[in-house]
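J.: Provide a 3D model corresponding to the input given below.
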Amino acid sequence: MQFRQQALAKLQSPEELDLPVRLARPQGWLALGVTVVVMAAASVWAVTGSVASTVSAPAVLTHGQGSYLLQSPVSGQVTAVLAQQGERLPANAPVLKVRTTQGDAVVRAVAAGRVTTLAATIGQIIQTGTDVAAVEKVAHASDPLYATVYVPAENAAAIPAHASVDLTVSSVPAQSYGVLRGEVKSVDRTAQSAQSISAFLGDSQLGQQFTSRGRPVAVLVALDRSASTKSGYRWSTTDGPPFRLDSMTLASGSIKLADQHPVDWLLP
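T.: As a prediction, this is how the structure comes out:
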């Protein structure tokens, strides 16, 4: 109580009335000014700015029409393999000869394409419906490659048309040659099953692999062409790899999603 009375007496002293009162130190005004500027900039950015985000997902390089699994229409023993892996076949071309209880039968290609996998060998016993080969549907060697990216279904709606895509190709060291460039050509809004992926790629293992975390959506990516690179496609580096790309090569795709405004995050 005594100290309070002394303080009040000092403030009421006449010789103290003409002294200026210091409201804040210069450092305090500087901090306040910086805070106001930062808050104003943040408010403007929240209204007019945008945040770019990406989604990464597994991908595979193929020709546009995909592949198909060739299945044996008969049961019996394989007596001859009439095609070679990598060979380009016309429609209805012979692939296998099978000895059945009714005599010899020939397993033929359903559609024209390139044999990517031969699963049957001479002497093997096969059943009706056995997968004996995978054939990629490609008419000409010069047909361009595409990338199919299997994106989680919940991200499909955020993928805009012609979105830019970066592809890290498994057979190409990204540290040396960079990433492959492309853009979204189409988005299949229907979730893909393991069976549908296997039918398109001609590989049942990839169907299981790409659906291990749920049924994804297939995003078709057109690769940017370039006449100045050995691969024929555009890369993040000037030259890219010194070799051509093969179909059915695995990759990882990073797709740029539609920009989101920060103010949307603040609204209920």
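
J.: doesn't V132 make contact with T117?
T.: No: the criterion here is CB atoms under 8 Å, and T117 misses it with V132 at 9.4 Å. (Each C-beta comes from the backbone N, C-alpha and C, glycine too.)

J.: where along this protein do the strands fall?
T.: Using DSSP state E, the strands of the chain run over residues 54-63, 67-71, 76-81, 88-89, 94-100, 103-108, 113-118, 125-126, 131-136, 145-152, 164-169, 180-191, 216-223, 249-256.

J.: Put together a markdown table for these, with mean neighbour count on each row.
T.: Listed next are the strands of the chain as a markdown table, based on neighbours: other CB atoms under 10 Å:
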| stretch | mean neighbour count |
| --- | --- |
| strand 54-63 | 20 |
| strand 67-71 | 22 |
| strand 76-81 | 17 |
| strand 88-89 | 18 |
| strand 94-100 | 19 |
| strand 103-108 | 15 |
| strand 113-118 | 21 |
| strand 125-126 | 16 |
| strand 131-136 | 22 |
| strand 145-152 | 22 |
| strand 164-169 | 21 |
| strand 180-191 | 17 |
| strand 216-223 | 22 |
| strand 249-256 | 20 |
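
J.: and of the ones you listed, who's closest to L206?
T.: strand 54-63 (6.7 Å; CB to CB).

J.: now that closest one: how far from the chain's centre is it?
T.: Centroid separation for strand 54-63 versus its chain: 3 Å, with CA atoms, centre = their mean, to the nearest Å.

J.: just stretch 82-92 next, same as before
T.: 31 Å.

J.: give the contact list for the closest residue to R189 other than its chain neighbours.
T.: Leaving aside its chain neighbours, R189 sits nearest to A156 (6.1 Å; criterion: CB to CB, 6 or more residues apart in numbering). By CB atoms under 8 Å, 6 or more residues apart in numbering, the contact list for A156 reads V187, R189, V217, V219.
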